[in-house]
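Enquirer: sharing a model prediction with you, sequence too.
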Amino acid sequence: MTIRMRTVHTADLTPADLRAARELLDAAFGGDLTDQDWEHGLGGVHALLADDTGRLLAHGSVVMRRVRYRGRWLRVGYVEGVAVRPDARRKGYGGFVMSELERIVDHAYDVGLLGASDDGARLYTVRGWRLWGGKISALGPDGIVHLPEEEDSTYVRPALAGPLDLGADLLFDWRDGDVL
């Protein structure tokens, strides 16, 4: 079987591409993907891995976010919607998608960040992503909101910003639904 990686901005995805990606994510996350979760992965660059018949095997996207770190707002490549079809797992496809997303993060953003489930964390840690150890908050409509539930699942990949103090506080921009 031949596989093909394609990177494309959301604006250039066809309705069929969007349907296929959403269906893959719904299947991969067992129906737990909300409409807001789906929306969070739109507006950036998607990595789409398909087989020689065009069937989508894996997906991930990177969208821009802003995070305040030590008094400076960083341009963040935030990784979203990384998933592999349930019937295509354990073949390295998630790693192929992450390689492409990491290339984008490394060349276009100050830093890469993502939120990982317990099941997904190993994919990131073996690739050098590190668990953030500091306080996580977001700047909400009514001020700063502490997000302690995100403090054991937020991972970082330093890019253009260079070394970071993993114990420092992070203040994320706000978005509806799950902030991270």
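Expert: Sure, I can see it. Only a predicted model underlies this, so the values are computations on that prediction, with no experimental measurement involved.
Enquirer: go ahead and flag the most central residue of the protein.
Expert: In the chain, the C-alpha nearest the mean C-alpha coordinate belongs to V79, at 1.7 Å (CA atoms, centre = their mean).
Enquirer: determine the three-state secondary structure at the closest residue to that residue other than its chain neighbours.
Expert: Excluding the flanking residues, the one nearest V79 by CB to CB, 6 or more residues apart in numbering is L114, at 3.9 Å. C-beta here means a position set from N, CA and C on the backbone, and glycine is covered the same way. Put simply, L114 is strand when judged by DSSP: H, G, I helix; E, B strand; the rest coil.
Enquirer: again, but for L25
Expert: Put simply, L25 is helix when judged by three-state DSSP.
Enquirer: you'd agree it is up against G81?
Expert: Yes: between L25 and G81 there is a contact under CB atoms under 8 Å: 5.5 Å.
Enquirer: those two: which has the busier surroundings?
Expert: Remark: of L25 and G81, G81 carries more neighbours, 25 against 22, as counted by other CB atoms under 10 Å.
Enquirer: helix, strand, or coil at that one?
Expert: strand.
Enquirer: check it and give its pLDDT.
Expert: With respect to pLDDT, G81 scores 96.
Enquirer: how about the contacts made by it?
Expert: 21, 25, 37-38, 40-41, 59-61 (CB atoms under 8 Å, 6 or more residues apart in numbering).
Enquirer: where along the protein do the strands fall?
Expert: Using DSSP state E, the strands assigned to the chain run over residues 3-9, 45-51, 56-69, 72-84, 111-115, 130-131, 136-140, 143-146, 154-158, 170-173.
Enquirer: hey, what's V79 bridged with?
Expert: V62, L114 (DSSP bridges).
Enquirer: same deal with the one 5 residues further on?
Expert: Under DSSP bridges, the beta-bridge partners of V84 are A58.
Enquirer: burial count for it?
Expert: V84, neighbours per other CB under 10 Å, totals 25.
Enquirer: quick check: the closest residue to V8 other than its chain neighbours vs G162, distance?
Expert: In space, and not counting its chain neighbours, V8 is closest to H46: 5.6 Å by CB to CB, 6+ apart. Counting by CB to CB, to the nearest Å, the gap from H46 to G162 is 27 Å.
Enquirer: looking at the two, which one has more neighbours?
Expert: Taking neighbours as other CB under 10 Å, H46 and G162 compare with H46 leading, 26 against 8.
Enquirer: for the helix or strand bottoming out on mean pLDDT in the chain, packing partners?
Expert: In the chain, no helix or strand scores lower on mean pLDDT, DSSP states H and E than strand 154-158, which sits at a mean of 92. Counting contacts by 3 or more CB pairs under 8 Å, 6 or more residues apart in numbering; DSSP states H and E, strand 154-158 is packed against helix 93-108, strand 111-115, helix 121-125, strand 130-131.
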